[in-house]
Structures are given as structure tokens and as C-alpha cells.
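> okay, structure incoming, though there's no sequence with it:
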């Protein structure tokens, strides 16, 4: 019998500042995260001990450096919120990670809470910038300058299921589910043949079927093996191909059907 599907999502938001010629996305993201009124972060540091982005679900670890931030950096880029979520700076954008959810409806509610947390942060941060500057936060997947930021889904799975079986059976589904959960996009950004409209915003930025990377040479099926649970019993399926959705119905269908 299949184990209970525990779900989670990480939403990467685009950000810019109107009327700021020297706009810096990193400092703006830091300002947003640190503007959110929550005192829990003063007591809890984010634990990086079980994070290994170099471990591949196909049974090997790729070469590369792993660096954890200092305690001071950890406090500046991470907020552990009262609802169990994580709110943080990832590279050059703010990101919100829902807590573990037990069904699709619960995930939709926590993701919607994340949108409101970002907006509350924006209101507080703008008080420090002056009346002429306005922070704009986007829940989409590209900036029209060749950069993409994602909506990552996570599903708890039984470790005994071979990853090859997961990837081969999941591939047709994640490609075709864009018909009901794609974010919609005018034009294209992949230097291919011009099109007027696409069902998915994110699809332009995928180049491989299977792989470990999440920023360059993006794969449709991600192989990161980072369960955040007992690794002898569980694996975490990390799905990075989906679009961010403003529609709660689309989000519900996206994660609910994938969990099934």
C-alpha cells in the first residue's frame, strides 16, 4: 500500500523596485524577508545539516562545493515562521516554503498564506524606501530577460520504489498536466520559433529530461535526493517543472493529481 503523501511547495517570487535606478535584487530580497514581523527567527536558526544538493537519486554524489552560511548570515537570510513555513532569500529572490502538508487543500491554504506574507513584508519595507519607490513582487516564472524562477513541489515517497520507475512513469504526466495547471504566457523566451501564446511560462527553460540541476540545464524530472526525513525509509520527489499559479483551483489540481 502506498504511504501517505506528505506535500510541500517552495515558491520563488520575482522582485523589482519602481523608480530605483540602482535596483539590487539581493538587497531588496533581504529587506523584504527582514521586514516581516515575526520574532520566532530570533530563537530558531535554519538547520542546513541535512541539505545536500549534490546527492543524486540515481545513486551517486556529484562533485562540487557545499557551503553553509555563518550564523550571522543564517539569521539575515532565513525566517522560521509561526505557521511552520520558511521565508528566506534564495540567490537573488525571496522564497517561501510551506510547512509539511497532509493534502492538496492544506497546501493551497499555506501557499495562499505565503502570498499574504510577501505582501505584508512589502508594505513594511516600503516604509523605509520613501514615497516614490514601490516594491513590485511577481508570482510568475520569468522576467522577460532570460531568467526563470520556479514553483517547486515536494512529495514524500517510499524509498523502496526505484527512481527509474518513478521518472519513466511520471514523465508523460508532468508534460501533459500543463493543459490544466500552466500559468499561460504570451510569446517565447527560448530563442526557438516565435509563438503567440503558450500554456506554460516555465516550459521555455527546460533542456533535459532527467538531471540534478535546478538553475542551468534544467531537467523535467529532478534527481535531487534530499528527503528531509529518514533516508532509509523515504525519498522526496522534487518536482521543478510546474508553473506558479494565481488560481487556487489550478494549484489544487496540480499538486492533488500529482500526489495521486
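Arrived safely, thanks for sending. Source: prediction; values computed, not measured. Residues are numbered from 1 along each chain as shown.
> the residue nearest to residue 234 when sequence neighbours are not counted: what secondary structure?
Spatial nearest neighbour of residue 234, excluding adjacent residues (CB to CB, 6 or more residues apart in numbering): residue 227 at 4.9 Å. For every residue, glycine as well, the C-beta is placed using N, CA and C. Following DSSP: H, G, I helix; E, B strand; the rest coil, the label given to residue 227 is coil.
> which parts of the stretch 51-200 of the chain are helices?
71-77, 104-129, 163-176, 178-181 (DSSP state H, counting those that start in this stretch).
> make JSON lines out of the ones you listed and add mean neighbour count.
As requested, the helices of the stretch 51-200 of the chain are exported to JSON lines (neighbours: other CB atoms under 10 Å):
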{"stretch": "helix 71-77", "mean neighbour count": "14"}
{"stretch": "helix 104-129", "mean neighbour count": "17"}
{"stretch": "helix 163-176", "mean neighbour count": "14"}
{"stretch": "helix 178-181", "mean neighbour count": "16"}
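> can you say which of the ones you listed is nearest to residue 63?
helix 163-176 (20.1 Å; CB to CB).
> before we move on, back to that, select, out of the helices of the stretch 51-200 of the chain, the one closest to residue 37.
That would be helix 104-129 among these, by CB to CB, at 6.9 Å.
> for that closest one, name the packing helices and strands.
Counting contacts by 3 or more CB pairs under 8 Å, 6 or more residues apart in numbering; DSSP states H and E, helix 104-129 is packed against strand 7-12, helix 25-35, strand 86-90, strand 93-97, strand 134-138, helix 248-259.
> again, only this time at 6 Å
For helix 104-129, the elements it packs on are strand 7-12, helix 25-35, strand 134-138, helix 248-259, judged by 3 or more CB pairs under 6 Å, 6 or more residues apart in numbering; DSSP states H and E.
> residue 55 is nearest to which of those?
That would be strand 7-12 among the helices and strands packed on helix 104-129, by CB to CB, at 17.8 Å.
> the closest one - contacts with which helices or strands?
So strand 7-12, by 3+ CB pairs under 6 Å, 6+ apart, packs with strand 93-97, helix 104-129, strand 151-158.
> residues of the last one that come out buried?
Right, the one you point to is strand 151-158. For strand 151-158, burial by neighbour count (16 or more other CB atoms under 10 Å) applies to 151, 152, 153, 154, 155, 156, 157.
> quick one: distance of it to the chain centre.
Strand 151-158 sits 11 Å away from the centroid of its parent chain (CA atoms, centre = their mean, to the nearest Å).
> what comes into contact with it?
Defining contact as CB atoms under 6 Å, 6 or more residues apart in numbering, one finds that strand 151-158 is touched by 3, 5-6, 8-11, 234-240, 242, 244, 255, 259.
> what of stretch 28-43?
Residues contacting stretch 28-43 (CB under 6 Å, 6+ apart): 15, 17, 79-82, 87, 89, 93-94, 121, 124-125.
> and if we set it to 7 Å?
With CB atoms under 7 Å, 6 or more residues apart in numbering as the test, stretch 28-43 has contacts from 15, 17, 75-82, 87-89, 92-94, 117, 120-122, 124-125, 135.
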